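Undergrad: What would the 3D arrangement of this be:
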Amino acid sequence: MLQELITADPHRLRRRTMSLGVHFSDADDVAQNTLLRAWRSIEQLESPDPGQMCSWLDVIARNAATDFSRHMMRRPADELDEDIPDSSNVADEALTRQLLDGALQAIQSLPTGLRDPLLLSVVDGLSASEIAEKLNTSPAAIRQRITRARKSLSACKHSGMSEDA
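TA: Numbers count the residues shown, from 1 in each chain. Take a look at the predicted model:
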């Protein structure tokens with residue numbers, strides 16, 4: 001009988017929880033909690049009469065809404081970020097992302113012989129000697145490769161962060 005009642009009007013409990021003061025964004029959760037509580041305590045229902053079942057569900061919904069409100073009052077409110085982006089920040093962030101994507105693409109397009117020493121130097125913070133040891137070459141060759149990689153990236157920057165431009 002409970003299944004028939006819910007199937008006949010699947011949004012009834014959602015509407016009921018909102019009428020009890022639950023915000024619409026939380027109403028589905030409270031309605032599901034209500035159904036779970038009803039299912040767990042179905043044997044306490046005295047009569048399968050639809051009217052009595054509706055009243056019984058309303059009491060469970062009220063209790064679930066009350067419990068939810070208490071829970072929300074105990075839980076500290078999440079503080080909003082101070083940096084709520086305005087339209088100029090969004091445009092700046094989009095431009096920054098575009099530049100970073102271009103830089104990443106430019107780094108990835110470097111030949112392996114230039115890219116690896118550059119990344120080991122910049123990202124891992126290794127010295128030319130440490131990189132030379134890792135790559136089985138001389139520190140002078142590593143310094144030269146890092147310089148060539150930086151010049152190549154600088155040329156990409158001036159041409160719009162893309163080697164294709």
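Undergrad: Flag the shaky bits of the chain, pLDDT-wise.
TA: Residues of the chain meeting the criterion pLDDT under 70: 1-2, 76-88, 157-165.
Undergrad: Spell out, range by range, the helices that occur in it.
TA: Secondary structure of the chain (DSSP state H): helices located at 2-8, 12-19, 24-40, 50-74, 87-109, 112-122, 128-135, 139-158.
Undergrad: and the angle from the fourth one to helix 24-40?
TA: Angle of helix 50-74 versus helix 24-40, following axes from the mean of the first three to the mean of the last three C-alpha atoms, to 10 degrees, is 130 degrees.
Undergrad: Which neighbouring elements make contact with helix 50-74?
TA: On a contact count with 3 or more C-beta pairs under 8 Å, 6 or more residues apart in numbering; DSSP states H and E, helix 50-74 meets helix 2-8, helix 12-19, helix 24-40. C-beta here means a position set from N, CA and C on the backbone, and glycine is covered the same way.
Undergrad: before we move on, the earlier item: determine which stretch of the helices of the chain is the most buried.
TA: Ranked by mean neighbour count, those are led by helix 12-19 with a mean of 19 (mean count of other C-beta atoms under 10 Å).
Undergrad: Pull the distance from it to the chain's centre.
TA: The gap between where helix 12-19 is centred and where its chain is centred comes out at 29 Å by C-alpha atoms, centre = their mean, to the nearest Å.
Undergrad: Quick one: list the elements packing against that helix.
TA: Against helix 12-19 (3+ C-beta pairs under 8 Å, 6+ apart) you get helix 2-8, helix 24-40, helix 50-74.
Undergrad: ok, 6 Å please
TA: Judged by 3 or more C-beta pairs under 6 Å, 6 or more residues apart in numbering; DSSP states H and E, the packing partners of helix 12-19 are helix 24-40, helix 50-74.
Undergrad: of all these, which lies closest to Leu99?
TA: helix 24-40 (36.2 Å; C-beta to C-beta).
Undergrad: Other residues contacting the closest one?
TA: Leu13, Arg14, Thr17, Met18, Val22, Leu57, Ile60, Ala61, Ala64, Ala65, Phe68 (C-beta atoms under 6 Å, 6 or more residues apart in numbering).
Undergrad: Specify which member of the residues you listed is nearest to Glu43.
TA: Nearest to Glu43 out of the contacts of helix 24-40 is Ile60 (C-beta to C-beta; 13.6 Å).
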